[in-house]
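> After the sequence you'll find the predicted model.
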Amino acid sequence: MASDQRDGAVVTGAASRIGRAIAAGLAKDGFSVVVADLDEANGRAAAKEIAAANQGRAIFQRVDVTDRRSVSAAIEACTRQFSSIKVMVNNAGFNKPEPFLEVSEAIWHKIIDVNALGVLIGIQEAANAMSPPEPKARSSTQPRLRAVLATPTSLPIAPANSLSLRSRTPARERLPATASPSMPLLRE
């Protein structure tokens, strides 16, 4: 995907790791990037590094993906600073791996809020910013959204390379030959 730097991109969870690499890659491809994250120190450092390598076309915006106003502010910063938003990457994610029987409802809600609600909010706000206002009668079969929509890879269940509830053998080693590592069968 290439751009002429008049196109803006917002990447949530971009202060580190995968999000930072996505933001840097978009900037290298010509996009102007909003590094959106809760982590201000690392987010500002990422934006500064990306901007230094890409003619200053990166900014930091503190974002809580579970707060619609916060996400909307990041998208507004993108359109104000870079004239448009063409890409929204919902990369922010949260997980706290715990044995299944010890997972608290508070942690479960936080995982779902960040990993599911945060993606919904990001998609809706980006779609609203990308699409010109239209009459309410527009059909849902006429999509206007042109964005990269990514979801976090963290799941609120144990991944295939984790240990099961009682076994010390990694779950991947206990999978039948027909099971997919991306859809683990966790059983005892």
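Alright, I've got the coordinates. Just so you know, these numbers come straight off a predicted model, no measurement behind them.

> Which parts of this protein are helices?
Ranges of helices in the chain, per DSSP state H, are 17-28, 40-53, 68-82, 105-112, 118-130.

> mind listing what V114 touches?
V114 sits next to V65, T66, A92, G93, F94, P152 when contact means C-beta atoms under 8 Å, 6 or more residues apart in numbering. For the C-beta atoms, the positions are set from N, CA and C on the backbone; glycine is no exception.

> Which pLDDT does the model give it?
Note for V114: predicted pLDDT of 97.

> picking that back up, the contacts of V114 in strands, which ones?
When DSSP state E is applied, the contacts of V114 are split such that none fall in strands.

> ok, so of the residues you listed, who is nearest R80?
When these are ranked by distance to R80 (C-beta to C-beta), V65 comes first, at 19.8 Å.

> In contact with the closest residue to the closest one other than its chain neighbours, which residues?
Counting by C-beta to C-beta, 6 or more residues apart in numbering, V65 lies nearest to G118, which is 3.2 Å off, once chain neighbours are set aside. Neighbouring residues of G118 by C-beta under 8 Å, 6+ apart: T12, V65, T66, V71, N90, A92.

> can I get the helices of the chain in CSV with distance to I59?
Formatted as CSV, these follow (distance: least, C-beta to C-beta, whole Å):
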stretch, distance to I59
helix 17-28, 11
helix 40-53, 6
helix 68-82, 6
helix 105-112, 27
helix 118-130, 16
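
> quick one on the thing from earlier: quick check: the gap between the residue nearest to V65 and F31.
21 Å (C-beta to C-beta, to the nearest Å).
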